[in-house]
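Novice: here is a sequence with its predicted model. Questions after.
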Amino acid sequence: MDLYGRDLITSQEWAVEELEAVLDLAARMKADRYGPAYTSLLRHKTFFMFFYNPSVRTRQSFEVAATELGGHAQFLEPKAMRLKTAKTAGETVEDAAQVMSRYAAGLGIRILEDQIGAYGEGDALLREYARWGSIPVISMAHDKFHPCQGLADIMGWSEWFGAGPGKGVDPTVLKGKKLLLSWGHGALVRSWSSVQEAILIASRFGMDVTMAYPEGFDLDPQVMGWAKDNCRANGRTFEITHDSQAGYEGAHVVYARHWMSPQAYQDGQLQKARETEMALRYPEWICDAAKMALTDNAIFTHPMPVDRGSEVTDEVASGPRSCVYDVAENRLHVQKAVLALTMGGR
Amino acid sequence: MDLYGRDLITSQEWAVEELEAVLDLAARMKADRYGPAYTSLLRHKTFFMFFYNPSVRTRQSFEVAATELGGHAQFLEPKAMRLKTAKTAGETVEDAAQVMSRYAAGLGIRILEDQIGAYGEGDALLREYARWGSIPVISMAHDKFHPCQGLADIMGWSEWFGAGPGKGVDPTVLKGKKLLLSWGHGALVRSWSSVQEAILIASRFGMDVTMAYPEGFDLDPQVMGWAKDNCRANGRTFEITHDSQAGYEGAHVVYARHWMSPQAYQDGQLQKARETEMALRYPEWICDAAKMALTDNAIFTHPMPVDRGSEVTDEVASGPRSCVYDVAENRLHVQKAVLALTMGGR
Amino acid sequence: MDLYGRDLITSQEWAVEELEAVLDLAARMKADRYGPAYTSLLRHKTFFMFFYNPSVRTRQSFEVAATELGGHAQFLEPKAMRLKTAKTAGETVEDAAQVMSRYAAGLGIRILEDQIGAYGEGDALLREYARWGSIPVISMAHDKFHPCQGLADIMGWSEWFGAGPGKGVDPTVLKGKKLLLSWGHGALVRSWSSVQEAILIASRFGMDVTMAYPEGFDLDPQVMGWAKDNCRANGRTFEITHDSQAGYEGAHVVYARHWMSPQAYQDGQLQKARETEMALRYPEWICDAAKMALTDNAIFTHPMPVDRGSEVTDEVASGPRSCVYDVAENRLHVQKAVLALTMGGR
């Protein structure tokens, strides 16, 4: 299997065996963090990180990843670039991407809801860079997908249902387990990327998927369709409920997080104030101990930052079945594996 | 002596022997700057630098330090983090610090007077990170303390009273020497961190301490109390004068710098305009050649940036007894030693 | 030949043999990009990059250069520094430069048209840093010059007229070739640095130089005088035309780019709106296929970002005789060579 040069825009576009190769390498890297087998894989090479949106954790984990592989991640804010748009003079992506391909081993891009005028524009930008550049384009979270978060989720859940964090990853333990992906109320308006990636990758690895959210908070219909197809192909169920409690019954993994509504964009921009107001209307959509008691001893997962007291209570978020820090740590390991496999060793 | 994993928030919380170990290693690193004994101590490891306040010199010296130890310092601006506050939704320090501890070998924090609403809030934030994280928290200057500046001061003064810059450090040469720490007028409103650290560490190393400042410019009474206690424990004097000239008599080290008044905060914010106006009221509080002539051939020291023409004349700042560049250089060496001792080699 | 410690503010101040040494090393580094002969030349050393103006490509190429040499380029935004000016308190360049010289192996500075109040102020600032610091000061583009762009131009053109990109550099192939440097219309108001450097270095390497621009768009008369003198010393021609087409006849290299007028500054600031308006007045000043047909099979060159549709048509910019990406790539290689020769190996 050769992943050298491959883009990673969503896990849905990689074969399950390819995702397993990432998880396997990530587990070995986690077990031998500074081991000599890994610390030269990006030696003297540069990974460009394009942050259209600021981020702390994503930047931390990618920059640490490149450093631990012997390379360097360059933090770039494209606001310093004058890109050509319909209205303004500037450089084309055609030119920018081709020159970057001469300098770097790969390009990560992060572009979220508030840097675009309509859902899908971020995804289109990543694909434009991928079209013109000759180096791998890796999503560091964009409006549609967040593949490294999805891989970290699967790695963390597999550890918890397997031998435990740091003791290897066997994603087959997730087959037949039930994932509840529940909307959460809160004042932080959030993109669809993490939750869409989660239902896609969970359904690829044979989980039953239940989505729970207030009416009016559907995700991208195309992505929900893919998740449904993934479940069907594995002989698993894909269900939707608008009840804040029903989905918890029998769940093994509870993922509770806010996401914005499909009406978030109007007149070419994110209606942040309106979305915040809507997000606060449903206080019953919080994950708490009473709901967790309905599950099959489920673990609690979240891509962070956790909006404590809104999406989830402190009792659950800091409780003994919370895997949030392990999943967060796994961002580092899966990203090391992705960088190494797509850019390393040549 | 094992300093691995230790926080450094103020030198006052480390034993004198521990501070001496830092100075000794710093001197060896200075004498053999790129020597193989040191260039792998942080190999492939990351030091997070959290700059709540921008800085050039502190960033330069910490990032160079990590590079020379074979590691990488990641420059982070926490404004990109959405931290939970009394008024806003966001992530807790509990969550942020625990995840960072999975990624990095250590965390430096810089937070100064204009990023807080009251004196002490910066110190509290550092201690909150230290409480939740499992990696060392190092102050890169905060509202109360500046331990790396204090160590660089002692290193530089020891060199000047010993064999000279770069020729080893023996802080016992400072015993019984008189430090004059004098307020200076000027338009740059400055925090208490450097001067408070200076009187604490100087008094630990057996110096007599005289503070000189216009009435109304007292520092933190708790810190002044500690400095007094340190002097008493060493059989040394701790004196205060409000005369701009008297303290120079017999001084061996003159440290002239502006600091703001204890009334700097009101209604939850720094009153910068008022402080600037007050700072300019006392033009006689400048260190000049006439005052230096009263000393016992004192050296002039300053943590930089020097406000020339206000705190000190060019004649003194650029004169033959100025140690300011040597002290500034020593920031690098003491920080290399601190990083190596608290984070390196495992 | 020893270039260790040398400033590089314009190619005009280096001997032709010294520039040839850079080009020769750059060609060897390009042919053996991660070769062990080069990857330790800046090992554990730091290159400070001072970006008074943001930049993507310049930052990318310098930071990659330092990484590939085993060192680290530190990205610094001097807005975080409080430098003393005629009107404000702050630190002097005297102090800043001397301390930086204790930390780093070299200092790059980028300061362009909109960060200054009059043409020449940026150049003066670089020379002030060079005066006080003891480490090399390298221009990363400033208001007057852009030496690394000039070196990349010569390298790229030599490759195209020689054995081809990546197959060695012999700048003697440029002797007697005709460079047309033509003004281009467009909405991006641009500094004189790249074009001034181009006519200086092209004339040093024995090219005939023709400049074409609308009346009123003269460059710095001193620089144009130097270019004329360089041509005369080599027995070559230096011509100026105000016809948008005439200069193409017989050209071997066509360089078409906008630059601002000599009246760009008024009352101590750049008159950006007026310059944009003026720049759009001359739509006939575009490089297109019809004009290129008049040349002696010329290559098209540009320092990027290309303002497609204004300075040049897509047909030419993306055509088979466009060397723009090769020249852009060469920024990396010449900068590696400059860093290695001025800062490396000791």
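Specialist: Arrived safely, thanks for sending.
Novice: close to chain C, is the top helix by length along chain A?
Specialist: Ordering each helix of chain A by length in residues (DSSP state H) puts helix A:324-343 first. No - using C-beta under 8 Å from any C-beta of the partner chain, helix A:324-343 stays clear of chain C, coming no nearer than 13.0 Å. Just so you know, the C-beta spots here come from the backbone N, C-alpha and C atoms, and that holds for glycine as well.
Novice: also stretch A:29-39?
Specialist: No - judged by C-beta under 8 Å from any C-beta, stretch A:29-39 stays clear of chain C, getting no closer than 14.4 Å.
Novice: do a quick rundown of the strands in the stretch 51-200 of chain A.
Specialist: For the stretch 51-200 of chain A, the strands defined by DSSP state E, counting those that start in this stretch cover A:72-76, A:106-111, A:137-142, A:178-183.
Novice: select, out of those strands, the one closest to B:Met207.
Specialist: strand A:72-76 (42.7 Å; C-beta to C-beta).
Novice: name the residues that touch that closest one?
Specialist: A:42, A:45-51, A:59, A:62-63, A:65-67, A:104, A:108, B:72, B:75, C:56, C:59-60, C:63-64, C:67, C:72, C:75 (C-beta atoms under 8 Å, 6 or more residues apart in numbering or on different chains).
Novice: strand partners (parallel or antiparallel) of it?
Specialist: Next to strand A:72-76 in the sheet, as set by DSSP bridges, lie strand A:46-51 (parallel).
Novice: give the rounded mean pLDDT of the partner strand.
Specialist: Averaging pLDDT along strand A:46-51 gives 96.
Novice: just so I have it, where are all the helices in the stretch 1-150 of chain A?
Specialist: For the stretch 1-150 of chain A, the helices defined by DSSP state H, counting those that start in this stretch occupy A:16-31, A:57-68, A:93-103, A:121-132, A:147-161.
Novice: which strands or helices does the first one pack on?
Specialist: Judged by 3 or more C-beta pairs under 8 Å, 6 or more residues apart in numbering or on different chains; DSSP states H and E, helix A:16-31 is in contact with helix A:147-161, helix A:193-204, helix A:324-343.
Novice: could you measure from the residue sitting furthest away from the middle of chain A over to C:Lys272?
Specialist: The centre of chain A is farthest from one residue, A:Ala89, which by C-alpha atoms, centre = their mean lies 33.4 Å away. According to C-beta to C-beta, to the nearest Å, A:Ala89 stands 13 Å off from C:Lys272.
Novice: check what pLDDT A:Lys79 gets.
Specialist: Here, the pLDDT recorded for A:Lys79 equals 77.
Novice: where does pLDDT dip in the stretch 51-200 of chain A?
Specialist: Low-confidence segments of the stretch 51-200 of chain A, defined by pLDDT under 70, span residues A:86.
Novice: near chain C, which residues of it are found?
Specialist: Counting by C-beta under 8 Å from any C-beta, the stretch 51-200 of chain A sits next to chain C at A:71-72, A:74-82, A:84, A:88-92, A:94-96, A:98-100, A:102-104.
Novice: name the element A:Ala256 belongs to?
Specialist: strand A:253-257 (DSSP states H and E).
Novice: quick check: which ranges of the stretch 201-346 of chain A have low pLDDT?
Specialist: In the stretch 201-346 of chain A, residues with pLDDT under 70: A:346.
Novice: go again using 90 as the cut-off
Specialist: Within the stretch 201-346 of chain A, the ranges that satisfy pLDDT under 90 run A:267-270, A:272, A:276, A:278-280, A:345-346.
Novice: all the helices of it, in order from the start?
Specialist: Under DSSP H, counting those that start in this stretch, the stretch 201-346 of chain A gives helices at A:221-233, A:272-279, A:289-292, A:314-317, A:324-343.
Novice: export those helices as TSV, with columns for mean neighbour count.
Specialist: Putting the helices of the stretch 201-346 of chain A into TSV (neighbours: other C-beta atoms under 10 Å in any protein chain shown) gives the following:
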stretch	mean neighbour count
helix A:221-233	16
helix A:272-279	16
helix A:289-292	17
helix A:314-317	18
helix A:324-343	26
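Novice: got the contact list for the closest residue to A:Phe50 other than its chain neighbours?
Specialist: The shortest distance from A:Phe50 to any residue other than its chain neighbours is 4.6 Å, reached at A:Ile109 (C-beta to C-beta, 6 or more residues apart in numbering or on different chains). A:Ile109 makes contacts with A:Phe50, A:Tyr52, A:Leu125, A:Leu126, A:Tyr129, A:Val137, A:Ile138, A:Ser139, A:Met140, A:His142, as judged by C-beta under 8 Å, 6+ apart.
Novice: just to revisit the earlier point, elements contacting the strand holding A:Ala256?
Specialist: Strand A:253-257 is packed against strand A:178-183, helix A:193-204, strand A:299-301, with contacts defined by 3+ C-beta pairs under 8 Å, 6+ apart.
Novice: try 10 Å
Specialist: helix A:147-161, strand A:178-183, helix A:193-204, strand A:208-212, helix A:289-292, strand A:299-301, helix A:314-317 (3 or more C-beta pairs under 10 Å, 6 or more residues apart in numbering or on different chains; DSSP states H and E).
Novice: of all these, which one comes closest to B:Asp32?
Specialist: helix A:147-161 (41.0 Å).
Novice: could you give the angle of that closest one to helix A:57-68?
Specialist: Going by axes from the mean of the first three to the mean of the last three C-alpha atoms, to 10 degrees, helix A:147-161 is angled at 80 degrees with respect to helix A:57-68.
Novice: next one: helix A:147-161 to chain centre, how far?
Specialist: 10 Å (C-alpha atoms, centre = their mean, to the nearest Å).
Novice: over to stretch A:255-270?
Specialist: 17 Å.
Novice: now do stretch A:117-126
Specialist: 16 Å.
Novice: got the end-to-end distance for that stretch?
Specialist: By C-alpha to C-alpha, to the nearest Å, the extent of stretch A:117-126 from end to end equals 15 Å.
Novice: that one near chain B anywhere?
Specialist: No - shown here: stretch A:117-126 not in contact with chain B (C-beta under 10 Å from any C-beta of the partner chain), separated by at least 18.0 Å.
Novice: re earlier: show the buried residues in the residues of the stretch 51-200 of chain A next to chain C.
Specialist: With burial judged by 16 or more other C-beta atoms under 10 Å in any protein chain shown, the buried subset of those is A:71-72, A:74-76, A:78, A:81-82, A:84, A:89-92, A:94-96, A:98-100, A:102-104.
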